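> Sequence and predicted structure below; questions after.
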Amino acid sequence: MGLLADAVTSAQRFVWVFATVYTLVIFAYIITSWLRLPYSPWLSRIQRFLYDVSEPYLRLFRRLLPSMGAIDLSPWIATIVLWVLAEALIRILDQFH
């Protein structure tokens, strides 16, 4: 029984860390999209990585939300949905304790 509890706790910790890191990646992508950074191969690679990781998830919400001009609410909605799903998954895993 202790081994199952350790596995569940590890899975819960993974879900929480994943949601935290992915939220940070989304916000780093947003911030770097607002700024005009000087050209650098490293900065360009970092921006491309942030785009490749966060844009497919954000695109799901951009398709669903109506266009509001220059205001893009998809990162906020995507982050809220991510945390609601993470919390739900943690609570489901908590049932196995």
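Yes, it's here.

> Only C-alpha atoms from now on, for both contacts and neighbour counts.
Fine.

> The helix or strand that contains Phe14 - contacts with which helices or strands?
Here Phe14 is covered by helix 2-34, with elements defined by DSSP states H and E. Contacts defined by 3 or more Cα pairs under 8 Å, 6 or more residues apart in numbering; DSSP states H and E place helix 2-34 against helix 41-64, helix 74-94.

> Deepest-packed of those, please.
helix 74-94 (a mean of 16; mean count of other Cα atoms under 10 Å).

> Now mean pLDDT and distance to Val25 too, for the helices and strands packed on helix 2-34, in TSV please.
Formatted as TSV, those follow (pLDDT from 0 to 100; distance: least, Cα to Cα, whole Å):
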stretch	mean pLDDT	distance to Val25
helix 41-64	93	6
helix 74-94	96	11
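
> Turn those into CSV, columns for distance to Thr23.
CSV is the format used below for the helices and strands packed on helix 2-34 (distance: least, Cα to Cα, whole Å):
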stretch, distance to Thr23
helix 41-64, 9
helix 74-94, 6
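
> Quick one, which of those gets closest to Thr9.
Ranking the helices and strands packed on helix 2-34 by proximity to Thr9 (Cα to Cα) places helix 74-94 first, at 8.1 Å.

> Just give me how far the closest one sits from the chain centre.
Mean-position distance between helix 74-94 and its chain equals 10 Å (Cα atoms, centre = their mean, to the nearest Å).

> relative to helix 2-34, how tilted is that helix?
Between the axes of helix 74-94 and helix 2-34, defined by axes from the mean of the first three to the mean of the last three Cα atoms, to 10 degrees, the angle is 180 degrees.

> Need the residues that contact helix 74-94.
Residues external to helix 74-94 that are found in contact with it (Cα atoms under 8 Å, 6 or more residues apart in numbering): 8, 11-12, 15-16, 19, 23, 26-27, 57-58, 61-62, 65.
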